[in-house]
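[1] sequence plus predicted model, see below.
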Amino acid sequence: MLVRSRLAVVAGILLLPLTAAGAYAAGQGSRDDAPPTAVREVLAQVDDPAGAKGRTLALSRVTIPPRTALALHRHPGNQIAYIQRGTLTYTVRSGVVSVYRGPADGSARLVRKVRPGQTGVVRRGEWVVERPGDVHFGANRGSGRVVILLATLFRKGAPASIEVPEG
């Protein structure tokens, strides 16, 4: 009986590293299988800016990995999205979103409008104005990342985006 107990302990000690290695490999495999997601970083913000009491004015950067789509969503306030890098495939479900190119100091020109049910592209150097009723989503269909700079004016404490159920 004592010999059998010692054999069980020795076997357990010898198998422990293999079990740990298998568990680590299994954990790594599931992490690699997770779909890539976009990352939003708030670069600067201020609450209650002059002329906009009860609002938050923010500057953010969103990075969308290759072959990644955002969920269908809307924003709780106004947002301007400038494509700094890559090409965004942009679909509108409700509202009309205007796409501009050039500096906004009066020489910007309207490039296109994306209407409900339409998909268009927004290229590097172009920007869109999204209003609260605009339900939309963006996708990176390319092989490089898409980087978007966002200027937002939302109600203080409101989320950056509100997911809208498909259908």
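    Good, I have the coordinates.

[2] how far away is the residue nearest the centre of the chain from residue 121?
    In the chain, the residue lying closest to the centroid (CA atoms, centre = their mean) is residue 38, at 3.3 Å. Per CB to CB, to the nearest Å, residue 38 is found 17 Å from residue 121. (Each C-beta comes from the backbone N, C-alpha and C, glycine too.)

[3] how about the strands in this protein?
    For the chain, the strands defined by DSSP state E cover 39-47, 55-64, 68-69, 73-74, 78-85, 87-94, 97-101, 109-114, 119-123, 126-130, 135-140, 146-155, 162-163.

[4] and the last one, what does it pack against?
    This points to strand 162-163. For strand 162-163, the packing partners by 3 or more CB pairs under 8 Å, 6 or more residues apart in numbering; DSSP states H and E come out as strand 73-74.

[5] and the contacts of the strand it packs on?
    The list of residues contacting strand 73-74 from outside it, by CB atoms under 8 Å, 6 or more residues apart in numbering, reads 132-137, 161-164.

[6] closest one to residue 33 among the strands of the chain?
    Closest approach to residue 33 among the strands of the chain is made by strand 68-69 (14.6 Å; CB to CB).

[7] what's the closest one packed up against?
    With contacts taken as 3+ CB pairs under 8 Å, 6+ apart, strand 68-69 sits against strand 135-140.

[8] can you pull out the low-pLDDT segments for this structure?
    Along the chain, segments meeting pLDDT under 70 span 1-32.

[9] highest neighbour count among the contacts of strand 73-74?
    The most neighbours of any of the contacts of strand 73-74, using other CB atoms under 10 Å, belong to residue 136, which has 23 neighbours.

[10] which one is that one nearest to, not counting chain neighbours?
    Distance criterion CB to CB, 6 or more residues apart in numbering; nearest residue to residue 136, sequence neighbours excluded, is residue 92 at 4.8 Å.

[11] quick revisit: I'd like the strands of the chain laid out as CSV, including distance to residue 33.
    Below are those laid out as CSV (distance: least, CB to CB, whole Å):
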stretch, distance to residue 33
strand 39-47, 19
strand 55-64, 19
strand 68-69, 15
strand 73-74, 25
strand 78-85, 27
strand 87-94, 24
strand 97-101, 34
strand 109-114, 33
strand 119-123, 28
strand 126-130, 32
strand 135-140, 19
strand 146-155, 23
strand 162-163, 23
